[in-house]
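S.K.: Sequence first, then the predicted structure, then my questions.
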Amino acid sequence: MQVAFLATLFDRPGPWASVYLDTTGFDESARERRELQAREVCRELRAQGCDPATERAVHDALTDWPRPPGEAGRAVFAAHGEVVLDPPLTRRPVAPADVTWAALPRLSPLLDLAAQEPVCLVAYIDRTGAELELRSPLGGRPAGHVEGRDWPIHRTGSADWSERHFQLSVDNTWEENAERIAEALAECEEETGADLIVLTGDVRERHSVHERLPAEVRPLAVESEHGSRARGAGKSVRLLDEDVEAARQEHLRRLAEEELDRFRSARSTAGAGQAAAEGVPALVEAAREHRIAELLIRPEGPDAHRQVWVGAEPDQIAVRRSDTHYLGEREPLPARADDALLRSAIMTGAEVLRVRPEIDDDVPVGGLGALLRWPYAEKEREREAAPA
């Protein structure tokens, strides 16, 4: 998951109000219920020590109307009397309200609730061309169309020589159109950065398009039996939507497995060239040295809740309070390990992988791990190769 959009949360010091709220079922007629919910959130913030200005900012944000249609929930982050970030949630929070007042923003729930869905390029194919649609978390939009040759396009049932010659021309038209569609899909994928491609429509033609996709694009494509270029409402549309969602989830599962395999391989490397770390002490050290390339988080793991000590800067992080004095912080504050490590990852340009709870082995151990950049052995070789 790319988390650069969260960097705005660290342009200012804390403490922070972090609120996750289930708003499903709220509409214009539920204004009174929204007001009661906002008051309860503010009451909880006040009990945890929130200042009045920030409390008012959160209240105003939670009672603001209208909201985007289909919103599953709210995530509001505020500090010093200002709401700094209010990202849309694609999934409803587990609890009706999760309210925190702490030194750092409470971010790890976002890995589940505002996950970046893969962008999908859907191609509705027939033997004369294709309509392209780009589907993102913000909805679908047209992405162009392909028009191939429209004659000859239909076979006949005759065995006459001239008819067989005509049928060969029909086959050539189909193949030529499939080539055009495949080329257009490859160009559109490159331009839009789509993560996967779903081919639907005419069975023979979509198979032919799939085979003609460039080698680097073909692994991104899957086929669906539902949907057609003459799109309409009804069961077929619903089944296609289900196929697209299944393709997205499979894409995410495959990427996660690939990253976990990288982590398993990296942590098996011992000695100075170690390229992975797990456990709070090792990760804290890596964060101080700006060596985290990809942070792996399983929020259910026990290490995610562990207390660490933090200062104003992302690399001011320590397992023991006394250690922060050596980092230039005289008044460290307690924080959750996952929040502190997320801050470090975000501010040093690292990626973040939410390890799904269905992964059956304890990877990473305790719930926190990282792939590291600049292994010590490589840095040592760089120093040895540098001119004196």
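M.R.: It's in. Numbers count the residues shown, from 1 in each chain.

S.K.: avg pLDDT for the helix or strand encompassing A370?
M.R.: A370 is part of strand 368-372 when elements are defined by DSSP states H and E. In this model, strand 368-372 has an average pLDDT of 94.

S.K.: what sits up against it?
M.R.: Contact with strand 368-372 is made by 259, 262-263, 266-267, 274-280, 283, 286, 291-298, 301, 303-304, 337-338, 341, 350, 363-364, as judged by Cβ atoms under 8 Å, 6 or more residues apart in numbering. In this view, the C-beta of every residue, glycine as well, is placed from N, C-alpha and C.

S.K.: just stretch 276-292 next, same as before
M.R.: Stretch 276-292 is contacted by residues 263, 266-267, 269, 303, 306, 308, 314-315, 317-319, 327, 337, 340-341, 344-345, 348, 350, 364-366, 368-374 when judged by Cβ under 8 Å, 6+ apart.

S.K.: Without its sequence neighbours, what residue ends up closest to S136?
M.R.: V119 (4.8 Å; Cβ to Cβ, 6 or more residues apart in numbering).

S.K.: and the one you found, how many residues sit next to it?
M.R.: Here the neighbour count serves as a burial measure; for V119 (other Cβ atoms under 10 Å) it reads 17.

S.K.: Off-centre distance for the strand holding A370?
M.R.: Taking Cα atoms, centre = their mean, to the nearest Å, one finds strand 368-372 lying 18 Å from the centre of the chain it belongs to.

S.K.: just stretch 364-377 next, same as before
M.R.: 20 Å.

S.K.: Could you list the buried residues of it?
M.R.: 364, 366-373, 375 (16 or more other Cβ atoms under 10 Å).

S.K.: and if you look at stretch 187-194?
M.R.: Buried, per 16+ other Cβ under 10 Å, within stretch 187-194: 188-189, 194.

S.K.: about what we covered before: counting only helices, which of the contacts of stretch 276-292 make the cut?
M.R.: Cross-referencing these with the helices (criterion: DSSP state H) gives 263, 266-267, 337, 340-341, 344-345 as the overlap.

S.K.: So which of those residues wins on neighbours?
M.R.: Of the ones in helices among the contacts of stretch 276-292, L341 is surrounded by the most neighbours, 30 neighbours in total, counting by other Cβ under 10 Å.

S.K.: quick revisit: in PyMOL, select just the buried ones from the contacts of strand 368-372.
M.R.: This is how PyMOL selects the buried members of the contacts of strand 368-372, with burial counted by 16+ other Cβ under 10 Å:
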select buried, resi 259+262+263+266+267+274+275+276+277+278+279+280+283+286+291+292+293+294+295+296+297+298+301+303+304+337+338+341+350+363+364
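
S.K.: Among the contacts of strand 368-372, which lie within strands?
M.R.: Secondary structure from DSSP state E places 276-278, 292-297 of the contacts of strand 368-372 in strands.

S.K.: Just name the closest of the residues you listed to T128, please.
M.R.: Out of those, the one with the shortest distance to T128 is E294. That distance is 45.1 Å, counting by Cβ to Cβ.

S.K.: what's the distance between that closest one and T8?
M.R.: Distance of E294 to T8, given as Cβ to Cβ, to the nearest Å: 21 Å.

S.K.: what are the ranges of the helices in this protein?
M.R.: Counting by DSSP H, one finds helices in the chain at the ranges 31-47, 52-62, 110-113, 161-192, 203-212, 235-267, 280-288, 337-347, 376-385.

S.K.: any idea which of those is most buried?
M.R.: Between the helices of the chain, the one whose residues have the most neighbours on average, counting mean count of other Cβ atoms under 10 Å, is helix 337-347 (a mean of 25).

S.K.: hmm, who's touching it?
M.R.: The list of residues contacting helix 337-347 from outside it, by Cβ under 8 Å, 6+ apart, reads 3-4, 6-7, 9-10, 102, 104-108, 280, 283-284, 287, 290, 292, 295, 297, 299, 303-308, 310, 314-315, 317, 350-352, 367-368, 370.

S.K.: what angle do that helix and strand 292-297 make?
M.R.: Using axes from the mean of the first three to the mean of the last three Cα atoms, to 10 degrees, the interaxial angle of helix 337-347 with respect to strand 292-297 works out to 150 degrees.

S.K.: begin at 2 from here
M.R.: Let's use 2 as the start, then, which means that last one is helix 338-348.

S.K.: what mean pLDDT does helix 338-348 have?
M.R.: Averaging the model's pLDDT scores along helix 338-348 yields 95.

S.K.: quick check: angle from it to strand 369-373?
M.R.: Using the same axes, to 10 degrees, the direction of helix 338-348 lies 20 degrees away from that of strand 369-373.

S.K.: what's the pLDDT at S170?
M.R.: 53.

S.K.: Distance to E206 added to the ones in strands among the contacts of strand 369-373, as a markdown table?
M.R.: Supplementary listing: these in a markdown table, determined by distance: Cβ to Cβ, whole Å:
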| residue | distance to E206 |
| --- | --- |
| A277 | 46 |
| A278 | 50 |
| E279 | 49 |
| I293 | 47 |
| A294 | 43 |
| E295 | 40 |
| L296 | 44 |
| L297 | 42 |
| I298 | 43 |
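
S.K.: Return the member of those residues nearest to A124.
M.R.: Within the set of those, E295 lies nearest A124; the separation is 31.9 Å, counting by Cβ to Cβ.

S.K.: Run through the bridge partners of the closest one.
M.R.: Following DSSP bridges, E295 is listed with bridge partners E352, L372.

S.K.: And the buried residues of stretch 188-195, which is closest to L63?
M.R.: Nearest to L63 among the buried residues of stretch 188-195, counting by Cβ to Cβ, is A195 at 35.2 Å.

S.K.: Phi and psi next, for that closest one.
M.R.: The phi and psi torsions at A195 (degrees, to the nearest 10) take the values phi -60, psi 140.

S.K.: My guess is it contacts V123. True?
M.R.: No. Under the criterion of Cβ atoms under 8 Å, A195 lies out of contact with V123, with a separation of 9.5 Å.
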